[in-house]
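S.K.: okay, here's the prediction I keep looking at, along with the sequence it came from:
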Amino acid sequence: MKVPRISPVFVLLVFFAFPALVHATRIGDVTDLDWSEQTFRFLSLRDAAVRNAVLGSVFMGVSCGLFGGYVVARRLALFGDTLSHAVLPGVALGFLWSRTKDPVAIFVGATVAGLLGTVVVAWIRKTTRVKEDSALGLVLSGFYAVGICILTVIQEMEFGNQSGIDKFLFGQAAALSSEDVGLMGLVAIGALMMVTLFNKELLVTSFDEGFARSVGVPVEFMRYVLLVGLTFAVVTSLQAVGVVLVSALLITPAATAYLLTDRMGTLLLLSALFGVAGGLLGSYGSFLGNNLPTGPFMVLACTSFFVVAFFCGPKHGLISKWLRRRNRVRQVSFENTMKAAYQVLEAGDFSKESVTVGALAARRRTSVAEARREADDLVKAGFASMLGSDDDGPRY
């Protein structure tokens with residue numbers, strides 16, 4: 001059956017004819033509309049706040065998904081969590097500097113704080129006996145504690161209660177401005193360019209640094225390029241997801257893709273797609289509620305993708321593994337039963353063309369009931385046929 005196509009002109013006429021239906025005030029505002037009308041408002045994209053939330057979610061999903069693929073491949077999950085918490089003092093200091101939520105000031109402060117945290121981790125690891133994981137834990141807790149203290153001071157200032165700086169903790173897509181979305185778009189474009197230009201270098205350094213050095217690839221340079229890009233992605237995602245959960249948006253989509261493919265290119269593509277889908281679903285869930293935080297909804301959406309892949313993945317899913325294991329056990333049972341039948345026939349110089357259940361059970365050293373069940377499974381699979389029965393039982 002041919003599905004009729006809807007003309008774009010018709011869609012525009014509907015939008016202009018019923019402006020009250022598609023108008024939205026702000027994402028998450030209190031309204032009396034039911035979920036279907038709210039969904040239509042969200043999909044219409046007529047409101048600036050909704051457009052900013054959707055575009056920000058797309059850009060954030062692309063940047064975090066691409067960089068998250070390398071984070072998972074390089075086993076830098078704890079580093080991503082540390083970086084997301086280490087930028088909090090920079091966010092607070094950037095706000096104090098401008099006394100407003102100036103995205104440029106906050107971006108600069110958070111970037112400096114993130115890079116400083118990276119340098120401190122490397123410095124502790126190289127100058128002390130402390131291992132990298134312990135250094136990451138120290139920087140995570142120390143920088144985050146400093147950020148919380150500065151945020152507390154800001155809240156006690158006369159302009160602190162109206163600052164909206166608390167949105168950086170748990171995220172709120174409604175707070176995204178056009179400048180924020182612009183920065184997120186630049187970072188997403190930069191992530192695409194970096195993955196395209198340095199694809200081979202990032203791939204070889206992610207899996208075999210020794211080989212990369214032997215062929216002349218600048219391993220340390222590529223590492224710092226990746227860390228700088230990761231810092232930009234984290235900083236621009238803070239207002240949408242929040243400091244606490246931005247690391248989950250780095251890791252969860254990439255971990256989901258990791259369960260579905262063994263190719264790095266496919267992993268990056270799937271990771272970006274899962275990040276975009278999780279961001280859009282999170283924004284939609286926040287829009288339906290009454291000022292609900294966007295970050296937790298985004299993380300829950302990405303986590304739901306991971307749960308589905310964890311159980312239903314075609315290669316690494318639990319159900320797929322169980323089915324393959326069951327098929328292997330069944331195949332081994334078939335082979336053992338057929339081998340036992342051949343040995344029974346061989347012992348009788350192949351004078352007969354069938355074997356009894358009793359002889360099969362004696363050769364397999366199992367009970368008659370178990371031998372008959374195995375023989376019946378062979379019949380169902382088409383590997384044997386039942387010829388009849390005599391005093392020794394069924395013959396196959």
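M.R.: Now that the structure is in, tell me what you want to look at. Numbering: from 1, shown residues only.
S.K.: low-confidence stretches in this structure?
M.R.: For the chain, the stretches with pLDDT under 70 are 1-34, 158-167, 171, 174, 290-292, 390-393.
S.K.: centroid-nearest residue for it?
M.R.: Nearest to the geometric centre of the chain sits residue 253, at 1.2 Å (CA atoms, centre = their mean).
S.K.: please identify which helix or strand holds that one.
M.R.: Taking DSSP states H and E as the criterion, residue 253 maps to helix 246-258.
S.K.: list the contacts of the nearest residue to residue 385 once chain neighbours are set aside.
M.R.: Distances taken as CB to CB, 6 or more residues apart in numbering put residue 379 closest to residue 385, at 6.2 Å, once the chain neighbours are dropped. C-betas here are computed from N, CA, C, even on glycine. By CB atoms under 8 Å, 6 or more residues apart in numbering, the residues touching residue 379 are 385-386, 396.
S.K.: coming back round to it: distance of the residue lying closest to the residue nearest to the centre of the chain once chain neighbours are set aside relative to residue 254?
M.R.: The shortest distance from residue 253 to any non-neighbouring residue, by CB to CB, 6+ apart, is to residue 274 (3.7 Å). In this view, residue 274 and residue 254 are 8 Å apart by CB to CB, to the nearest Å.
S.K.: buried ones in stretch 114-132?
M.R.: Neighbour counts over stretch 114-132 (16 or more other CB atoms under 10 Å) mark 114-118, 120-121, 124-125 as buried.
S.K.: what's it in contact with?
M.R.: Stretch 114-132 is contacted from outside by 79, 82-83, 86-87, 90, 135-136, 138-139, 143, 227-228, 231, 234-235, using CB under 8 Å, 6+ apart.
S.K.: the more surrounded of residue 274 and residue 254?
M.R.: Neighbours were counted for residue 274 and for residue 254 using other CB atoms under 10 Å; residue 254 has more, 30 against 26.
S.K.: show me which positions of the lengthiest helix in the chain end up buried.
M.R.: Here the longest helix in the chain is taken by residue count, with DSSP state H as the criterion, and it is helix 318-347. Residues of helix 318-347 classed as buried under the neighbour-count rule (16+ other CB under 10 Å) are 334, 337, 340-341, 344-345.
S.K.: likewise stretch 39-51?
M.R.: Neighbour counts using 16+ other CB under 10 Å place 41-42, 44, 47, 49-51 of stretch 39-51 among the buried residues.
S.K.: picking that back up, just after the longest helix of the chain, pick out the following helix or strand.
M.R.: That would be, after helix 318-347 and using DSSP H and E, helix 357-364.
S.K.: give me the distance from that following helix to the chain's centre.
M.R.: 53 Å (CA atoms, centre = their mean, to the nearest Å).
S.K.: likewise for stretch 338-349?
M.R.: Mean-position distance between stretch 338-349 and its chain equals 54 Å (CA atoms, centre = their mean).
S.K.: the residue nearest to the centre of the chain contacts residue 68, correct?
M.R.: Yes: here residue 253 reaches residue 68: they are 5.9 Å apart, a contact under CB atoms under 8 Å.
S.K.: list the residues that contact both of those two?
M.R.: With CB under 8 Å, 6+ apart, residue 253 and residue 68 have common neighbours 271, 275.
S.K.: list the buried residues of the one helix or strand residue 152 maps to.
M.R.: In this structure, residue 152 sits in helix 132-155 according to DSSP H and E. Buried residues in helix 132-155, counting neighbours by 16+ other CB under 10 Å, are found at 135-137, 139-140, 143-144, 146-147, 150-151, 154.
S.K.: repeat for stretch 211-218
M.R.: Result for stretch 211-218 [16+ other CB under 10 Å]: buried residues 212, 217.
S.K.: ok, now stretch 364-371?
M.R.: For stretch 364-371, burial by neighbour count (16+ other CB under 10 Å) applies to 364, 366, 371.
S.K.: got a markdown table for these, with distance to residue 129 too?
M.R.: Shown next, in a markdown table, are these (distance: CB to CB, whole Å):
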| residue | distance to residue 129 |
| --- | --- |
| 364 | 60 |
| 366 | 60 |
| 371 | 64 |
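S.K.: closest to residue 196 among those residues?
M.R.: Lowest distance from residue 196 to the buried residues of stretch 364-371 (CB to CB) belongs to residue 364, with 60.2 Å.
S.K.: setting the sequence-adjacent residues aside, check what's closest to that closest one.
M.R.: Using CB to CB, 6+ apart and skipping the chain neighbours, the partner closest in space to residue 364 is residue 340 (4.8 Å).
S.K.: swap in residue 384?
M.R.: In space, residue 384 is closest to residue 378, 4.0 Å off (CB to CB, 6+ apart).
S.K.: residues in contact with the one you found?
M.R.: With the criterion set at CB under 8 Å, 6+ apart, residue 378 makes contact with 334, 337-338, 384, 396.
S.K.: so it, which of the three states?
M.R.: helix (DSSP: H, G, I helix; E, B strand; the rest coil).
S.K.: distance of it from residue 346?
M.R.: Distance, residue 378 to residue 346, using CB to CB: 18 Å.
S.K.: quick revisit: residues in contact with the following helix or strand past the helix holding residue 152?
M.R.: As assigned by DSSP H and E, the chain's next helix or strand after helix 132-155 is helix 167-170. Helix 167-170 has contacts (CB under 8 Å, 6+ apart) with 88, 91, 151, 175, 238-239, 242-245, 293, 295-296.
S.K.: can I get the residues you listed in JSON lines with secondary structure and distance to residue 308?
M.R.: Shown next, in JSON lines, are these (DSSP: H, G, I helix; E, B strand; the rest coil; distance: CB to CB, whole Å):
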{"residue": "88", "secondary structure": "helix", "distance to residue 308": "32"}
{"residue": "91", "secondary structure": "helix", "distance to residue 308": "34"}
{"residue": "151", "secondary structure": "helix", "distance to residue 308": "36"}
{"residue": "175", "secondary structure": "helix", "distance to residue 308": "30"}
{"residue": "238", "secondary structure": "helix", "distance to residue 308": "28"}
{"residue": "239", "secondary structure": "helix", "distance to residue 308": "28"}
{"residue": "242", "secondary structure": "coil", "distance to residue 308": "24"}
{"residue": "243", "secondary structure": "coil", "distance to residue 308": "28"}
{"residue": "244", "secondary structure": "coil", "distance to residue 308": "24"}
{"residue": "245", "secondary structure": "coil", "distance to residue 308": "20"}
{"residue": "293", "secondary structure": "coil", "distance to residue 308": "24"}
{"residue": "295", "secondary structure": "helix", "distance to residue 308": "21"}
{"residue": "296", "secondary structure": "helix", "distance to residue 308": "19"}
